[in-house]
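S.K.: here is my input, please return the structure:
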Amino acid sequence: MAAERDFRARVELAERLGVPPSQLDGRESAEITVYEYDADGRLVRSMTTREPLYTEQDRAELLALGVYRDGLCSVCGGPAAECQSHENTGLTFKPSRLRCRRTDAVMAAQSALQNTDRPEALAWFTTTVRR
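M.R.: Numbering: from 1, shown residues only. As a prediction, this is how the structure comes out:
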């Protein structure tokens, strides 16, 4: 599962940067130049060919990322096959919650300033206090 997550993170980073995953890994496209000379040794023509920027593997990885995304629930982002399974025969889910104590502290401080002029002009931040 972690390897899958790392693989997906690598391909998503390459996608965000607009580069092939193999280039992100350090691959450089090969470039070959062929020179043609006449009988007197003068350069008549040169032709440069380059490998394609995206390898077959790059295209497969980006396609796999698209297929993965297509299989996600548009509401919660989980696997659609699980989230949208049949109500009577599919999986059941137990909701849980966590509180972001940092956001909670900012919201409490904002509530205390309800009557302040232009509270929207305040920039909020937090510092971590070790116990």
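S.K.: residue contacts, residue 124?
M.R.: Neighbouring residues of residue 124 by Cβ atoms under 8 Å, 6 or more residues apart in numbering: 106, 109, 110. C-beta: built from backbone N, CA, C; applies to glycine.
S.K.: my read is the first one is in a helix, agree?
M.R.: Yes: when classified by DSSP: H, G, I helix; E, B strand; the rest coil, residue 106 is found to be part of a helix.
S.K.: pretty sure it contacts residue 122?
M.R.: No: counting by Cβ atoms under 8 Å, residue 106 sits too far from residue 122 to count as a contact (10.3 Å).
S.K.: now, of the contacts of residue 124, which are buried?
M.R.: Among those, not one counts as buried by 16 or more other Cβ atoms under 10 Å.
S.K.: out of these, which comes closest to residue 66?
M.R.: Among these, residue 106 lies closest to residue 66 (Cβ to Cβ), at 37.1 Å.
S.K.: look up how far residue 113 lies from the closest residue to that closest one other than its chain neighbours.
M.R.: In this structure, residue 106 finds its nearest non-sequential neighbour in residue 124, 5.0 Å apart by Cβ to Cβ, 6 or more residues apart in numbering. According to Cβ to Cβ, to the nearest Å, residue 124 stands 10 Å off from residue 113.
S.K.: looking at the contacts of residue 124, which is nearest residue 7?
M.R.: residue 106 (35.5 Å).
S.K.: what bits of this structure have low per-residue confidence?
M.R.: 115 (pLDDT under 70).
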